[in-house]
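Colleague: The sequence and its predicted three-dimensional model are supplied below.
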Amino acid sequence: MCRRQHLTIMLIGALLPGCGDRQENPVGSDLVARGQGRVVELPLLPSRGGSTRFEGTFSRAFGESDTLMVGRMGGIALRSLIRISLDPDSMVSAASGAATPDVHSVRLRIWKRELTRGIEDLQVHRPEESWDELDAFADTVNHTAVTFASSPIDGAAVSSPGDSLIQIELPPEYVTSRMLENPEAASVDLLLQPAAGSRFFTSLVSRDDARPESADRLPELSITYSTGGNSYTYVADASEDTYWAARDGPEPGMLVLSTIVRLSPVFRFDLPDSIPRGATVTSSELRLNYDRSQSMFETFTFSVERINVDSATGDTTFSVVNSWRFDAQKASYAMDQTLVQGWLSGTTRNLGLALSTPISDRRNWNVNWVVFHSPMLKVIYSTPPDP
Amino acid sequence: MNRFSRISATLFGFLVFCALEDSPSAKSIFSFNGVGDSERRVDVRARGMGGAGRALADSQNFSLANPALLAAFSRAGLQSRFFVQRRSLNDGRSRHVVSEGDIGAFQVVLPIRDGTVIGLGLEPLTDLDFDLVSVDSTSSVPYTLRVSATGGIQAFAFGLAHRWGGFLLGGNLSVISIGTITETWTKDFGLHGPDGSVGSFLLDANNRQIPEFLNSEDRYVRTHSGAQPTIGVVYTRNGRWFFGTAFRAASTVTQTRILRNFFSEIGFEEETRTKLDIKMPASVGVGLAYRRGSRWLAALDFERAFWEKTETGRYDTTDLAGGVLYRTGDSDPHSTRRRVELTAGAYYRSLYFKTAGGSQIGEAGVSLGIALPFETRGAGNFRYVIEFGRRGDVTRHGASERFVMQTFSVSGWLN
């Protein structure tokens, strides 16, 4: 090997140590005399100026739902319709061809499902409009609930023997009149709705409830009648049933998030002035505590939205920040740190937040509502190091 | 291709190679506090002589410490350098080895008429290179802190010198307009779990990832503008004894400090800019050199820089260096044998940085060098210098480092 080759090899060998290594250096923490910036967890920030916005009613027919809902709670009123088709011929044949039977009592037995809130104050009305199970009871153009005319049935009495059974005693003449009006295809139509000023919610077993435990708990109408000195009992199942939800409030200041009747709480958080310029929001969480006694939900999805106002047109728009599945066991929902960072730096105006239930998610095609206490914001930020 | 073109091509290739590296020069664990480690403004040959050479006006000295040295050049010349360094760091708790490489100063010397020479160059004034990882478990949210700082203050150097017999007089202006210091501070909340997992992400209903804790990443970028003049004089008697002195004036440099956090890095929000004045110190240096025949050179230098006046807590610095040079071969200008230069030296210098213990940091080192001339005699040379040294003391300064630095340079002259 010649001298030049030796020299080349030596040079390459000498240069190699300069290639560097990128392993992190643990030596020298005492040499950092400057403050490295603090990590600050702010006390929970309470929301301000909360109210509930109505986004519209989502039209959905609940005729094939396995529940019926009745009540008034969280700014939503729920009404159920039940139709029991009668077979006058069958009643007459049971009475051995006698003339019009003499109805003594009419009783509708319906069972509650598990979901019940508040004190029940149920009213029984007579529907004064035609309906069927495919009705959505919503104006699909304006996204509002339609009005549905009804009148109280005088003499109807509601009782609740035991925990789960609801019995409705109807005046015999109500059934008799229905049979006389339409001897060939008589039916008993009932509207169950909450009394004015009441606040309760009851979930009822519908005729479509296919659960084994509901097999002998389907709505059932029994008519006791007599003819020719003999007494008979006629029993009929519901032939159609459905329910719908309509906006009914909520009360001022109440924060309600709901599906179908799409109520959207809006509120804002004022950030303290103590956060220094240049700080980085490392964590932001929305704390949502809700009132169990006033809420009813199963699984649904909600979005956290930033409220924007177009400075030119004044139009209000909403930008989705994050979406979460509402969880009964969970109070905290993380939010993209950019949201609070934007407020902090002034990149975006702090006009508040809205919670919304996107109708694109099939989980939101059932009735749910949640009544919140004052939402809170948890913010952790990091300050920049000393200059 | 003529000789100068070959030299230019070599230098150009060398610079391209050097440009792949990130920042100029000395690199020390102590460089984080302040504006970086101050550069010793000597050329590679002087480094091989321990850093001495402020008076050695022999037409081969590219040192910027004394601008009067320019006046000794009778031919155009240029020099560039590159170094690699390996440092062993120790803070009493742990040890770590760092390897790095960088470009150094680049200088061009142009005699414009008899006795008058101008010099142009790219000159690193300070250098900063620091990185650290440590865990802060005292915070409400524990995190791993990562600090990385690189860069330095650099200048375009413009020099003018003239020779009157045995007197050489020169001035130099370092125009500080390039070079940035970049510090990145990262608080990493995604602490590594025992299973190697890193942090956690939350997945929202739209399958959008949200980091449970967003790491903070604060970056200070500091740019500088200003100028710092230096004047120097060398007196030589019979070309055997050389005495030189140089004075660099204190100056005020405007530092623009730009703070960018993670969100301004991605363009989401505005960065924060502030301007402030920082002071660069005055310094005075003296040197003595002796040439014996065509084979031996010896030099001894002393420099004092007045850093105390630039910021409370800093220390004035002293640089004391001495070295010898031996040239092999035949001094006959008609000889075809190439002459190899061998150098050796030692130095001690103190550093200006504030320390927690109130004790000034010292650096001591020795150097060895060799210069191999190009095949064409007098066209230039390739020089290699290796330095060994130590900075700081664990007990008094919180850390120490041993270093081995190798410097490579290419110099060329045009007849």
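Modeller: Nice, I can see it. Numbering: from 1, shown residues only, chains lettered A, B, ... in the order given.
Colleague: Endpoint to endpoint, stretch A:225-235 covers what distance?
Modeller: One end of stretch A:225-235 to the other measures 11 Å (CA to CA, to the nearest Å).
Colleague: Next, the buried residues of that stretch.
Modeller: Of the residues in stretch A:225-235, those scored as buried under the neighbour-count criterion (16 or more other CB atoms under 10 Å in any protein chain shown) are A:225, A:227, A:232, A:234. Yep, even glycine has a C-beta here, placed from its N, CA and C like the rest.
Colleague: Out of those, which sit inside strands?
Modeller: Of the positions in the buried residues of stretch A:225-235, A:225, A:227, A:232, A:234 sit in strands, assigned by DSSP state E.
Colleague: and which of the residues you listed is nearest to B:Arg295?
Modeller: A:Tyr234 (133.1 Å; CB to CB).
Colleague: which residues sit in contact with B:Gly226?
Modeller: For B:Gly226, the residues meeting the contact criterion (CB atoms under 8 Å, 6 or more residues apart in numbering or on different chains) are B:176, B:251-254, B:280.
Colleague: oh sorry, the question was meant for A:Ala354
Modeller: Contacts here follow CB under 8 Å, 6+ apart; on that basis A:Ala354 touches A:53, A:264-266, A:304-305, A:307, A:318.
Colleague: rerun that using 10 Å as the cut-off
Modeller: A:52-53, A:55, A:257, A:264-268, A:303-307, A:316, A:318-321 (CB atoms under 10 Å, 6 or more residues apart in numbering or on different chains).
Colleague: which of those come close to chain B?
Modeller: Among the contacts of A:Ala354, the ones lying near chain B by CB under 10 Å from any CB of the partner chain are A:303-304, A:320-321.
Colleague: Which ones among these map onto strands?
Modeller: Using DSSP E, the subset of the ones next to chain B among the contacts of A:Ala354 located in strands is A:303-304, A:320-321.
Colleague: circling back to that earlier point, from the ones in strands among the buried residues of stretch A:225-235, which has minimum pLDDT?
Modeller: Checked by pLDDT, those have A:Thr227 as the lowest-scoring entry (81).
Colleague: wait, doesn't that one sit right on A:Tyr234?
Modeller: No - the pair A:Thr227 / A:Tyr234 is not scored as a contact, 11.4 Å apart, by CB atoms under 10 Å.
Colleague: now the chain, which segments are flagged as low pLDDT?
Modeller: Defaulting to chain A. By pLDDT under 70, the low-scoring segments of chain A are A:1-22, A:92-100.
Colleague: my bad, chain B
Modeller: Counting by pLDDT under 70, chain B contains low-confidence ranges at B:1-26, B:191-200, B:332-336, B:376-377, B:415.
Colleague: Where do the helices of it begin and end?
Modeller: Secondary structure of chain B by DSSP state H: the helices cover B:3-19, B:44-48, B:262-265, B:394-397.
Colleague: try the stretch 151-300 of chain A
Modeller: A:172-181 (DSSP state H, counting those that start in this stretch).
Colleague: can you list the residues of it near chain B?
Modeller: Residues of the stretch 151-300 of chain A lying near chain B by CB under 10 Å from any CB: A:277-285, A:300.
Colleague: So which of those is the closest to A:Phe137?
Modeller: A:Phe300 (20.1 Å).
Colleague: A:Ser258 is in contact with that closest one, correct?
Modeller: Yes - contact status for A:Phe300 versus A:Ser258: in contact at 8.8 Å, counting by CB under 10 Å.
Colleague: hey, what's in contact with both of those two?
Modeller: Shared contacts of A:Phe300 and A:Ser258, defined by CB under 10 Å, 6+ apart, are found at A:357, A:364, A:367-370.
Colleague: Run a quick neighbour tally on residue 203.
Modeller: Answering for chain A, as no chain was given. By other CB atoms under 10 Å in any protein chain shown, the residues close to A:Ser203 number 22.
Colleague: meant chain B actually
Modeller: Using other CB under 10 Å, B:Leu203 has 10 other residues around it.
Colleague: List the contacts of it.
Modeller: Contacts of B:Leu203 by CB under 10 Å, 6+ apart are A:324, B:209-210.
Colleague: Return the member of the residues you listed nearest to B:Thr407.
Modeller: Each of those was scored against B:Thr407 by CB to CB, and B:Gln209 proved nearest at 48.1 Å.
Colleague: For the closest one, which non-adjacent residue is spatially closest?
Modeller: Nearest residue to B:Gln209 in three dimensions, chain neighbours excluded: B:Phe201, at 4.5 Å (CB to CB, 6 or more residues apart in numbering or on different chains).
Colleague: ok, that neighbour - contacts?
Modeller: A:334, B:190, B:208-212.
Colleague: So among those residues, which ones count as buried?
Modeller: Burial of these was assessed by neighbour count (16+ other CB under 10 Å); the buried members are A:334, B:190, B:210-211.
Colleague: Just to be sure, which of these are found in strands?
Modeller: Counting by DSSP E, these contribute A:334, B:210-211 to strands.
Colleague: Closest one of these to A:Val103?
Modeller: A:Ala334 (62.1 Å).
Colleague: Does that closest one touch B:Ile210 like I think?
Modeller: Yes - taking CB under 10 Å as the contact criterion, A:Ala334 and B:Ile210 are neighbours in contact, 5.1 Å apart.
Colleague: where do the contact lists of these two overlap?
Modeller: When contacts are counted by CB under 10 Å, 6+ apart, A:Ala334 and B:Ile210 are jointly contacted by A:283-284, A:322, B:201-202, B:204.
Colleague: List of residues touching stretch A:154-168?
Modeller: Counting by CB under 10 Å, 6+ apart, A:70, A:82, A:106-114, A:116, A:120-126, A:153, A:169-174, A:190, A:192, A:195, A:202, A:204-205, A:217, A:219, A:221-222 sit against stretch A:154-168.
Colleague: If we use 7 Å, what do you get?
Modeller: The list of residues contacting stretch A:154-168 from outside it, by CB atoms under 7 Å, 6 or more residues apart in numbering or on different chains, reads A:107-112, A:120, A:122, A:124, A:169-171.
Colleague: ditto for stretch A:256-267
Modeller: With CB under 7 Å, 6+ apart, stretch A:256-267 has contacts from A:47-58, A:60, A:74-76, A:245-247, A:250, A:255, A:300, A:302, A:307, A:352-357, A:364, A:366-372, A:375.
Colleague: and the gap between the single nearest residue of the stretch 101-250 of chain B relative to chain A and A:Ser65?
Modeller: Across the stretch 101-250 of chain B, no residue is closer to chain A than B:Gly101, which sits at 2.7 Å (CB to the nearest CB). Summarising the geometry, the distance separating B:Gly101 from A:Ser65, computed by CB to CB, to the nearest Å, is 74 Å.
Colleague: Of these two, give the one with the bigger neighbour count.
Modeller: Of the pair B:Gly101 and A:Ser65, B:Gly101 is the one with more neighbours under other CB under 10 Å, namely 24 against 18.
Colleague: Does the more buried one touch B:Val84 like I think?
Modeller: Yes - B:Gly101 is in contact with B:Val84 according to CB atoms under 7 Å; the separation is 4.1 Å.
Colleague: which residues does the spatially closest residue to A:Ser85 that is not a sequence neighbour contact?
Modeller: Spatial nearest neighbour of A:Ser85, excluding adjacent residues (CB to CB, 6+ apart): A:Ser239 at 4.1 Å. The neighbours of A:Ser239, taking CB under 7 Å, 6+ apart as the test, are A:83-85.
Colleague: for those, which one is nearest B:Leu276?
Modeller: After measuring these against B:Leu276 - CB to CB - the closest member comes out as A:Arg83, at 83.0 Å.
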